[in-house]
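**Student:** could you work out the structure for the sequence below:
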Amino acid sequence: MKRQLVVTGLAALLVSVLLSGCNQVDRTLSPEERKFVGTWVTDDQIAWEDLGDTLVFFSDGTVTFQSDVRGTFEVDAGNYLIVHMPLDGMQTQHLFDYEFTENNTILRLQYQATGRLYRYTRELHIVFV
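**Tutor:** The predicted structure follows:
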């Protein structure tokens with residue numbers, strides 16, 4: 001009886017340890033979503049004021065706006081960029097039309113709520129050898 005209790009306790013401990021990481025989101029980006037990954041910069045005043053001079057899209061599906069506003073992003077079947085981000089303690093959803101040009105080095109975003117158009121350029125990292 002005591003042995004059965006120990007085995008049951010160990011099994012419960014093992015299951016709880018294995019399941020402890022299940023609340024973390026580990027999402028694989030689609031090929032279209034992977035086009036966004038990287039750092040994008042703008043010198044456009046309106047884009048800078050609304051979204052920030054730098055957007056950073058990460059391979060884990062997160063995005064940073066205005067240097068400190070962090071959210072998540074996805075591309076839906078209609079090829080709209082959907083950004084989820086906190087605003088005043090609530091999770092908000094923002095919808096953008098998007099277009100990549102010049103071999104995926106220019107990103108144009110049009111915010112559906114206002115119709116404003118933003119243009120960002122992929123920041124290239126040059127490595128000297």
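
**Student:** next one, pLDDT for the residue nearest to the spatial centre of the chain please.
**Tutor:** For the chain, residue 62 is the residue whose C-alpha lies nearest the centre (Cα atoms, centre = their mean; 2.4 Å). Among the per-residue scores, residue 62 shows a pLDDT of 96.

**Student:** go ahead and confirm it touches residue 73.
**Tutor:** Yes: when contacts are counted by Cβ atoms under 8 Å, residue 62 is listed as touching residue 73 (7.4 Å). Heads up, the C-betas are built off the backbone N, CA and C, glycines and all.

**Student:** and the residue nearest to the centre of the chain, how close does it get to residue 101?
**Tutor:** 25 Å (Cβ to Cβ, to the nearest Å).

**Student:** which residues of the chain fall in strands?
**Tutor:** When assigned using DSSP state E, the strands of the chain occupy the ranges 38-41, 54-57, 62-65, 69-75, 80-87, 90-101, 106-111, 117-122.

**Student:** a markdown table for those strands, including distance to residue 31?
**Tutor:** Formatted as a markdown table, the entries for the strands of the chain read as follows, by distance: least, Cβ to Cβ, whole Å:
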| stretch | distance to residue 31 |
| --- | --- |
| strand 38-41 | 15 |
| strand 54-57 | 14 |
| strand 62-65 | 18 |
| strand 69-75 | 10 |
| strand 80-87 | 14 |
| strand 90-101 | 12 |
| strand 106-111 | 16 |
| strand 117-122 | 17 |
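
**Student:** tell me which of those lies nearest to residue 32.
**Tutor:** For residue 32, the closest of the strands of the chain is strand 69-75, at 4.9 Å, according to Cβ to Cβ.

**Student:** what pairs with the closest one, parallel or antiparallel?
**Tutor:** For strand 69-75, the paired strands and their directions (DSSP bridges) read strand 62-65 (antiparallel), strand 80-87 (antiparallel).

**Student:** list of residues touching the first one?
**Tutor:** Going back to what we said before, that points to strand 62-65. Applying Cβ atoms under 8 Å, 6 or more residues apart in numbering, the set of residues contacting strand 62-65 from outside is 36, 51-52, 54-58, 70-73, 83, 85.

**Student:** which pair in the residues you listed spans the largest distance?
**Tutor:** Using Cβ to Cβ, the two most remote members of the contacts of strand 62-65 are 54 and 72, lying 17.6 Å apart.
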